[in-house]
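Q: Take this sequence and fold it.
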Amino acid sequence: MNNYNLLFISTHQDSFVIHKLIESVERNNTTLKVLLLIISQECKLSIISKSPATKVVLLDEVKMGLSKARNIGLKYLKDNFISGDYIMFPDDDSSFDSVFFENFESILDSKKNYITPIFNNGSRNLYKGKLLNEHEVINADKHSVIRSPNQIILYNQNKDNIYFNESLGVGALFGSCEDYDLFIRLNRSNENFYFTSKLYSFHPSKSEKNNASVKEIINRYKSYSPGFVFIIKKYKKYKFIPLFLFRPIGGFLKSLFKFNFKMSRVYSVIFIYRLRLLMKNTNLKWK
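A: Now for the predicted structure:
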């Protein structure tokens, strides 16, 4: 059996960004025993690992949904009898600095799950969510701080309950919320999560992604909405409906105030889309 302090599973369809993730892990991790498992979808990589502390494993696969690809990675761990204290699921464009690995050692014996901040690249500005009190307990109502890259999950004791709903996530029927679904499942199996700012990761800012065309941004924002409706229905989180509708209104007003007419148009379209999605109760196949 191969034992690691930390297991990473990441999927990608873009060799440029995944190379930055690999480099940030190999360069900054010098003490932890880390496995970085990458599922490459129709984008083969050639990697020569430079770090004795980090093992990089590449799996070549066809193009598929994010959740399905992650589940292939999880199956690989079980099939090869790989164990780990913790597991994380960084995005292909996530990255880490040396502080993350230096501070990670302090949590190894804590036997607790964690939620961390995600900052915009090269800054301490939050990518999404908000900063909470140190060691605050995170429950399912605090969905705004829950993402795939910032869940640090005890692997060995939860491995049978760590998997992704393949109907959720990028490339699936419902294009989001696979991370939130995993969190709720673990939380309901009596796994508590605690907020810590001592560990964090980086991600390209939302403004970088919003440099695309209006049509591309609208399509991307639309893809997120059905997944959240799925969660509302599956877990009876009906109290989230007002927030689901009013958030794009807030984005519209904020963009209008800043004379960002491009994003104000995006948010107005998304509000109408979400309203129709709820009014129709959609034709989604709730599971």
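
Q: Isn't residue 30 up against residue 53?
A: Yes - using Cβ atoms under 8 Å, residue 30 is in contact with residue 53, at 5.7 Å. For glycine as for every other residue, the C-beta is placed from the backbone atoms N, C-alpha and C.

Q: of these two, who's got more company?
A: residue 53 (16 against 13; other Cβ atoms under 10 Å).

Q: which stretches of this structure aren't confidently modelled?
A: Within the chain, the segments meeting pLDDT under 70 span 1, 208-210, 281-287.

Q: any idea how far the residue of it most remote from its centre is from residue 177?
A: When distances are taken from the C-alpha mean of the chain, residue 259 lies farthest, 30.7 Å away, according to Cα atoms, centre = their mean. Using Cβ to Cβ, to the nearest Å, residue 259 is found at 32 Å from residue 177.

Q: still on that earlier bit, over to the residue farthest from the centre of the chain. Which of the three states is it?
A: When classified by DSSP: H, G, I helix; E, B strand; the rest coil, residue 259 comes out as coil.

Q: So which residue is dead centre in this structure?
A: residue 148 (2.1 Å).

Q: how about that residue, what does it touch?
A: For residue 148, the residues meeting the contact criterion (Cβ atoms under 8 Å, 6 or more residues apart in numbering) are 89-91, 178-179, 182.

Q: Please parse the protein into its domains.
A: Listed domain ranges for the chain are 2-206, 210-280 (source: automatic domain parsing).

Q: Okay, now the sheet partners of the longest strand along the chain, with direction.
A: The residue-count maximum for a strand in the chain (DSSP state E) belongs to strand 2-12. With DSSP bridges as the test, strand 2-12 is paired with strand 34-41 (parallel), strand 82-88 (parallel).

Q: Now the element after the first one, going C-ward?
A: Right, the one you point to is strand 34-41. Proceeding C-terminally, strand 34-41 gives way to strand 54-61 as the next helix or strand, assigned by DSSP states H and E.

Q: just the shortest one next, same as before
A: Next along the chain after strand 82-88, taking DSSP H and E as the criterion, comes helix 98-104.

Q: Can you list the strands that the helix or strand following that next one pairs with?
A: Scanning the chain past helix 98-104 towards its C-terminal end, the next helix or strand to appear is strand 113-115 (assignment: DSSP H and E). The sheet places strand 113-115 alongside strand 151-154 (antiparallel), strand 193-195 (parallel), with pairing taken from DSSP bridges.

Q: hang on, the earlier thing: any idea how far the residue farthest from the centre of the chain is from residue 272?
A: Distance of residue 259 to residue 272, given as Cβ to Cβ: 22 Å.

Q: same question, residue 130
A: Relative to residue 272, residue 130 is positioned 27 Å away (Cβ to Cβ).

Q: Same check on residue 6?
A: If you measure residue 6 against residue 272 using Cβ to Cβ, the figure is 43 Å.

Q: Kindly report the same for residue 183.
A: According to Cβ to Cβ, residue 183 and residue 272 sit 29 Å apart.

Q: Check residue 206 too.
A: Using Cβ to Cβ, one gets 21 Å for the distance from residue 206 to residue 272.

Q: go on, residue 258?
A: 21 Å.

Q: Can you show me the helices along the stretch 101-250 of the chain?
A: For the stretch 101-250 of the chain, helices defined by DSSP state H, counting those that start in this stretch occupy the ranges 178-188, 206-209, 214-234, 241-257.

Q: and the angle for the last one with helix 214-234?
A: What that stands for is helix 241-257. Counting by axes from the mean of the first three to the mean of the last three Cα atoms, to 10 degrees, helix 241-257 points 160 degrees away from the direction of helix 214-234.
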